[in-house]
Structures are given as structure tokens and as C-alpha cells.
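A.B. asks: model the structure of this input:
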Amino acid sequence: MMKRLRCSVGVGQPWAAGPTCRRTRPTPAIGALLFAALLGSFPAGRCEVRRPAICAFLFAALLVCTTAAVAAKASQIADGNPELGRRLAERYHCGSCHTIPGVSAARGRLAISLDSFGQRSYIAGRIPNQAPLLARWIESPRSLIPDTAMPDMGVTPADARDIAAYLRQLK
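C.D. replies: Numbers count the residues shown, from 1 in each chain. Okay, here's the model as predicted:
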């Protein structure tokens, strides 16, 4: 049989159903609740709650919050939009020279494949793979490496940030 705990903490809604269950304290942070659930120490109160249900709820809430934060971060790489960057790579014909996963007709063999580009340490073997430098490289490659074979394709700074965001998410 499961051990029942008493609790008065709520997260917007009481955890246990019943007419006597009311939130009596301000809502604490999810991390503090998770820590308390793992230790089994809850403040005394009027609501009886089962520990596994609380742990499952807190784990799910933490997972949702973490997943949303990671997704938001991924979509804002270098202040760019990765999905728009993928479409712009098609528009600027990057696939004429490069093979780029996710970009239709990007089967070029003249330059290196951009598969797993986000895991690379360097751009063109010389420049650290950082979002602002990658955007600058896409916009004006000869400004960073004067003797590069990569042509200036007339990419605007905003488009370069979006393309950089797409390339950096390729893992």
C-alpha cells in the first residue's frame, strides 16, 4: 500500500480532488517542489496526495518546461530562423556547390558537404564555427579569407543569419 502524504502546496490547481483541498501558500518554484518530492518532505496541510503522483506530475512539468526552453533556444540560433534559412539556402542556390541535408536539389560536389555542419569546429578550416562569424562568412566570404574559392552570392546580413542558424542546427 502506498504511503499517503499531506500537502498544502499547489501549482495553479490543487493536486488532489476534494472539497477540503485548498491552496494555502504561494506557489513555489517547480525545482523546489521536485526536490521536496524526491526527499519526501512536504509542508503539512489539508490535502492528502500520493508521492508517486506528485513525482510524476513534477517530472512532467519539468520536462515540458525544459523542452520548451530548448526548442525556443534552437529556433533563435544567432538571432536567425532555421526554417527560413533552409529555404534561403535553396533560393541562393547553395546546393549548386554544396550537398546540404534538408535542402532540395542541394547535391553539389564542387565544395564540401554541409552535413553535420553544427558539429564542426571550424568554417573553411580556419575560422571558429561561431554564429556571428558563420553569418559573416555566408554574407561575404572574402572579407574573412581573401583567397577562398567560395563566391560572394549577394546574401543580405539578415538572410545570412537565417542560413547560419540552419547550418548550425545540422548535427
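
A.B. asks: quick one: contacts for the nearest residue to Leu110 once chain neighbours are set aside?
C.D. replies: Spatial nearest neighbour of Leu110, excluding adjacent residues (Cβ to Cβ, 6 or more residues apart in numbering): Cys97 at 4.3 Å. Any C-beta I mention is one placed from the backbone N, CA and C, and that applies to glycine too. With contact set as Cβ atoms under 8 Å, 6 or more residues apart in numbering, Cys97 has these partners: Gly108, Leu110, Ala111, Met150.

A.B. asks: what about this protein, any weak spots by pLDDT?
C.D. replies: Counting by pLDDT under 70, the chain has low-confidence residues at 1-55, 58-59, 61-78.

A.B. asks: helices along that one, start to end?
C.D. replies: Listed in chain order, the helices of the chain (DSSP state H) span residues 30-39, 51-75, 82-91, 131-139, 141-144, 157-168.

A.B. asks: so what does the fifth one touch, helix or strand wise?
C.D. replies: Yep, that's helix 141-144 we're talking about. On a contact count with 3 or more Cβ pairs under 8 Å, 6 or more residues apart in numbering; DSSP states H and E, helix 141-144 meets helix 131-139.

A.B. asks: Val131 and Asp162 touch, don't they?
C.D. replies: Actually, residue 131 is Ala. It isn't Val. No. Using Cβ atoms under 8 Å, Ala131 is not in contact with Asp162; the gap is 11.2 Å.

A.B. asks: overlap in contacts of the two?
C.D. replies: Taking Cβ under 8 Å, 6+ apart as the contact rule, the neighbours common to Ala131 and Asp162 are Gly80.

A.B. asks: can you pull the contacts of Leu153?
C.D. replies: Just to correct that, residue 153 is Met rather than Leu. Neighbours of Met153 in contact, by Cβ under 8 Å, 6+ apart: Tyr92, His93, Cys94.

A.B. asks: what's the closest non-adjacent residue to the second one?
C.D. replies: If I follow you right, that is His93. Using Cβ to Cβ, 6+ apart and skipping the chain neighbours, the partner closest in space to His93 is Met153 (7.4 Å).

A.B. asks: ok, the first one next?
C.D. replies: Excluding the flanking residues, the one nearest Tyr92 by Cβ to Cβ, 6+ apart is Met153, at 5.1 Å.

A.B. asks: whichever of the contacts of Cys97 end up buried, select them in PyMOL.
C.D. replies: Of the contacts of Cys97, the buried ones can be selected in PyMOL as follows, counting by 16 or more other Cβ atoms under 10 Å:
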select buried, resi 108+150
